[in-house]
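J.: Next comes the sequence, and after it the predicted model I'd like to discuss.
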Amino acid sequence: MAEQPTLDQSVSPEKNTSASALFRNLTSLPVAKQVSLVIALAATLALGIGIVMWSQTTNYALLFANMEPQDLSEVMQNLDAQQIPYEINEATGALMVPEDRVHKLRLNLAAEGYPKQAPSGYQILDIDQGFGISQFRETKRYQRAIEGELAKSVSSINSVESARVLIGMPQKTVFVRKQKEPTASVTVKLHSGRSLSDEQVSAIVYLVSSSVPNMKPDGVTVVDQNGNLLTQDDNSGMMNVSLKQLEYTRQVENTLSDRIVRLLAPVAGGLHKVRAQVTAELDFTQQEQTRENYEPDPDAVRSEQAIREINRENGPAGIPGALTNQPPRAGIAPEEGYDPGQDPNLKNSKEKTTKNYEIDRTVSHIKNSVGSIRRLSVAVVIDDKVTVADNGDITRTPYTQEEIDRYRSLVSDATGLDPARGDTLSIVNASFVEEKTDDYEPPPIWEESWFWTLVKQVLAGLAVLIIIFGVIRPMIRDLSKHEEIKLEYPEDVDEEEEELENAEEISKALEQMNEDVEQQAEEDDETSEQDKETLEKVKALVSADPKLASHIIKQWMAKDKK
C-alpha cells in the first residue's frame, strides 16, 4: 500500500525561496505549463544576453589604408596571433580595428616595420646590385633616386599629402644643335580642403628645375590628384600681371570703402547702417623719362681770349724762286682801278676774340609711379534714423539735405576726391530692409557619434531591468506561493493513484477536522489556535490546487448520496 500523505507542518518562507523549493514547485505544475515556462524563461534570457552583447558592439576605426596585398596579409596574420578582431572595408580595402586600440597597434606594428615601404630617393643607391650591371641601369637608378628625393621635398609642403616626380632625361648626343632639354612632371595629392597658391606652385617648379641640370622652369608641369593643371603656359605672364593689377585695384577699393563706413558709422548708428562702394580706375602705365636742359647765362663769362695781328709789307713780296723773279706778263686787257702793288704803305691786320660763358645744364630722370589713381567713383547709402518709443513703436526719420551735404564733405575729404580728375560722389538716404538671417542650428543630437553608443547602453540596462523585475521576479514569486501548502508524496506511486490517495486522505482529514471543530464548538465557543492553523492550511491547499479540492468535494457528495 502506498504511503499516505500527511500535511507538512514545517513550511517556512525561507525554505520556499530556496532553489530546491522552486524546483519542486516547477515540477508540481502541469507538463504543458512547465514547457511554456521554460521556453519563456530561455527566450527572455536569450533576449537579455543579445541586448547586452548588442550594447557592447565594438566601434572600429581605420588602422591602415592603401596597403599592398602582401603587407596587408602579414598585418592580418599579426593581428590574428594577438587575437585582435579586425574588419576590412569592402569598398576601399582599408583595415579597421577596435577604436580604443588604434594608436597602440600602430606603434606596435611600426616597431615591427609595418607598413613596409619600398626604398626611395638615395636609398635606392644603397642596394647592392651585384656585378654586371649596365651603364643604362645605373643611370636609371640615379634618376629614380633624384625623383624620390624631389618627391620627398615636395611632400614636405604643408598642403601636400604626397607627391610623385617623373623626370624625362633626353639621350645625350655629340651634336650640339640636336641637344634636347630635360623635362619633369609633378603629381601632388593635396590634403582634404587645401589648395596650393600660385607662389607655392612656382616654388615647386623652380625646386625641380634647379635640381636637374639644363632643365628650365618651362619644362616642369605640376598636376593635382584631380587632374587640374596647376602650372601655366608661356602666355600666362601677362595674365599674372593682370591678376595682380586686379587684386591691387580691389585692395584700393576695399580700403576706401572701409574708411568711409568707419567714418560714418558713429553718426549713422553703427556699421550696419552704412553701405559704401568705391570704383577705382588706376593707371598701371610705366613710364621712364630722362631730360637734359641747357640754358646759357650771357652775364657769366667763364673765359675770354682775344688775338690781334698786324703785318706791314715794303717792296716786292712773294714766294722766292725763278718764277717770282720774272716780270709778269702783260695782260690782254689792262685792269682799271687801284693797284695794291704800287702802295708802299700797305698794312695787313687780323683780330680774333673768343668768349666762353657758363652753361646751366639740367639732367632729370623721371619714372612715373605704377598704380596711380586716375579716377574714383564713390557711392554711399545711409539708413534712416531709427527711434524706438517707450511702447516699442519704431519711427524712421530720413536725413535732411543739410546733413547729407555735411556727410558728402566728410567722404570727399576722407577719400581725397579731385573734381578736376573727374571723381564723382553720390550719397543717398534710404530705408534699409532687415535681413532675415537663418540662425545657426547645431546638428541634431541623434547625429552625434556618442549618441547611439549611449542609447545602446541605456536600452541594454532597461532591458535587463525589465527582464529581472518583469519576468524573472514574478515567476519566482509565483513558484514560491505554490509551495505554501504542499503534500509529501512517495516517489514510487503513479500519478493517478497519487491523486486518489491524496483526495481520500484530505477528505478524511477534513472530516476529522470538521468533527473535532463541531465537538469542540459544543463544549467551548472559542476555537483553539491549533484548529485555526489547521483551517488556514486547508484554505491554502484549496487555493493552491483547485482541481484537487474539487475532486475531494465530489467524493464528499458521492458519500452523502450513498
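T.: Structure's in. What do you need?
J.: Could you check how many residues crowd around Lys140?
T.: Neighbour count for Lys140, taken as other C-beta atoms under 10 Å: 13. (C-beta placed from N, C-alpha, C; glycine too.)
J.: Which secondary structure element is home to it?
T.: Per DSSP states H and E, Lys140 falls inside helix 135-155.
J.: mean confidence score for that helix?
T.: Average pLDDT, helix 135-155: 81.
J.: Please apply the same query to stretch 158-166.
T.: Stretch 158-166 comes out at a mean pLDDT of 88.
J.: Likewise for stretch 398-416?
T.: 91.
J.: Show me what counts as buried in it.
T.: Tyr399, Ile404, Tyr407, Arg408, Val411, Ser412, Thr415 (16 or more other C-beta atoms under 10 Å).
J.: Can I take it that Ala42 is in a helix?
T.: Yes. Assessed by DSSP: H, G, I helix; E, B strand; the rest coil, Ala42 belongs to a helix.
J.: Report how many residues lie close to it.
T.: 10.
J.: Same check on Ala463?
T.: With other C-beta under 10 Å as criterion, Ala463 counts 18.
J.: How confident was the prediction at it?
T.: 77.
J.: helices or strands up against the longest helix along the chain?
T.: Longest helix in the chain, counting residues (DSSP state H): helix 236-268. Where contact means 3 or more C-beta pairs under 8 Å, 6 or more residues apart in numbering; DSSP states H and E, helix 236-268 is packed against strand 274-283, strand 372-383, helix 401-415.
J.: Would you format these as a markdown table with distance to Ile552 included?
T.: Shown next, in a markdown table, are these (distance: least, C-beta to C-beta, whole Å):
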| stretch | distance to Ile552 |
| --- | --- |
| strand 274-283 | 102 |
| strand 372-383 | 100 |
| helix 401-415 | 112 |
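J.: What ranges does the stretch 51-200 of the chain have for its strands?
T.: For the stretch 51-200 of the chain, strands defined by DSSP state E, counting those that start in this stretch occupy the ranges 60-64, 87-88, 95-98, 160-168, 183-190.
J.: Now render the ones you listed as JSON lines, adding distance to Glu292 and mean neighbour count.
T.: What follows is the strands of the stretch 51-200 of the chain, written out as JSON lines (distance: least, C-beta to C-beta, whole Å; neighbours: other C-beta atoms under 10 Å):
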{"stretch": "strand 60-64", "distance to Glu292": "75", "mean neighbour count": "17"}
{"stretch": "strand 87-88", "distance to Glu292": "83", "mean neighbour count": "12"}
{"stretch": "strand 95-98", "distance to Glu292": "80", "mean neighbour count": "20"}
{"stretch": "strand 160-168", "distance to Glu292": "54", "mean neighbour count": "18"}
{"stretch": "strand 183-190", "distance to Glu292": "50", "mean neighbour count": "20"}
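J.: Pipe these into CSV and attach distance to Leu548 per row.
T.: Formatted as CSV, these follow (distance: least, C-beta to C-beta, whole Å):
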stretch, distance to Leu548
strand 60-64, 61
strand 87-88, 61
strand 95-98, 60
strand 160-168, 84
strand 183-190, 85
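J.: quick one: which of those strands is nearest His365?
T.: strand 183-190 (43.1 Å; C-beta to C-beta).
J.: tell me what the closest one is packed against?
T.: Using 3+ C-beta pairs under 8 Å, 6+ apart, strand 183-190 is in contact with helix 135-155, strand 160-168, helix 198-209, strand 220-224.
J.: Next, the angle strand 160-168 makes with the shortest one.
T.: Translated: strand 220-224. 140 degrees (axes from the mean of the first three to the mean of the last three C-alpha atoms, to 10 degrees).
J.: which residues sit against strand 220-224?
T.: The contact list for strand 220-224 (C-beta atoms under 8 Å, 6 or more residues apart in numbering) reads 183-190, 196, 201, 204-205, 208-209, 229-231.
J.: go again using 10 Å as the cut-off
T.: Contacts with strand 220-224, where a contact means C-beta atoms under 10 Å, 6 or more residues apart in numbering, come from 154, 160, 163-167, 182-190, 195-196, 200-202, 204-210, 212, 228-232.
J.: As CSV, could you dump the C-alpha coordinates of it?
T.: Presented in CSV, the C-alpha positions along strand 220-224 are these (Å, rounded to 0.1, in the frame of the first residue of the first chain):
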residue,chain,number,x,y,z
VAL,A,220,58.1,71.4,-65.4
THR,A,221,54.4,70.6,-65.2
VAL,A,222,52.5,70.3,-61.9
VAL,A,223,49.2,68.4,-61.7
ASP,A,224,47.0,67.7,-58.7
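J.: Quick check: mean pLDDT of that strand?
T.: Here the average pLDDT along strand 220-224 is 91.
J.: List the buried residues for that strand?
T.: For strand 220-224, the neighbour count (16+ other C-beta under 10 Å) marks Val220, Thr221, Val222, Asp224 as buried.
J.: Equivalent analysis for the third one, please.
T.: Of the residues in helix 198-209, Gln200, Val201, Ser202, Ile204, Val205, Leu207, Val208, Ser209 count as buried by neighbour count, 16+ other C-beta under 10 Å.
J.: now the helices: where do they sit in the stretch 301-450 of the chain?
T.: 322-325, 401-415, 449-466 (DSSP state H, counting those that start in this stretch).
J.: With distance to Lys140 as new columns, can those helices be given to me in a markdown table?
T.: Output for the helices of the stretch 301-450 of the chain, formatted as a markdown table (distance: least, C-beta to C-beta, whole Å):
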| stretch | distance to Lys140 |
| --- | --- |
| helix 322-325 | 99 |
| helix 401-415 | 64 |
| helix 449-466 | 49 |
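J.: Please identify which of those is closest to Lys178.
T.: Nearest to Lys178, of all the helices of the stretch 301-450 of the chain, is helix 401-415, at 62.2 Å by C-beta to C-beta.
J.: thinking again about what came up before, compute the inter-axis angle for the longest helix of the chain and helix 401-415.
T.: Using the same axes, to 10 degrees, helix 236-268 lies at 140 degrees relative to helix 401-415.
J.: can you start the count at 54 instead of 1 from here on
T.: OK, 54 is where the count begins now, so the last one is helix 289-321.
J.: Could you tell me the angle between helix 289-321 and strand 425-436?
T.: Counting by the same axes, to 10 degrees, helix 289-321 lies at 40 degrees to strand 425-436.
J.: Next, the buried residues of helix 289-321.
T.: So helix 289-321, judged by 16+ other C-beta under 10 Å, has buried residues Thr302, Val305, Glu306, Leu309, Ser310, Ile313, Val314, Leu316, Leu317, Ala321.
J.: Now do stretch 237-250, average pLDDT.
T.: 88.
J.: which residues does Pro266 contact?
T.: Met222, Glu234, Pro235.
J.: pLDDT score for it?
T.: 86.
J.: same question, Ser81
T.: Predicted confidence (pLDDT) for Ser81: 68.
J.: Check Phe337 too.
T.: Looking at Phe337, its pLDDT stands at 83.
J.: Kindly report the same for the one 3 residues further on.
T.: Each residue has a pLDDT score; the one for Gln340 is 77.
J.: Next one: the spatially closest residue to it that is not a sequence neighbour from Met106, what distance?
T.: Spatially, and ignoring its direct neighbours in sequence, Gln340 is nearest to Asn421 (4.2 Å; C-beta to C-beta, 6 or more residues apart in numbering). Distance, Asn421 to Met106, using C-beta to C-beta, to the nearest Å: 82 Å.
J.: ditto for Ser262
T.: 62 Å.
J.: Pretty sure Asp251 sits against Glu300.
T.: No. Using C-beta atoms under 10 Å as the test, Asp251 is too far from Glu300 to be in contact (11.0 Å).
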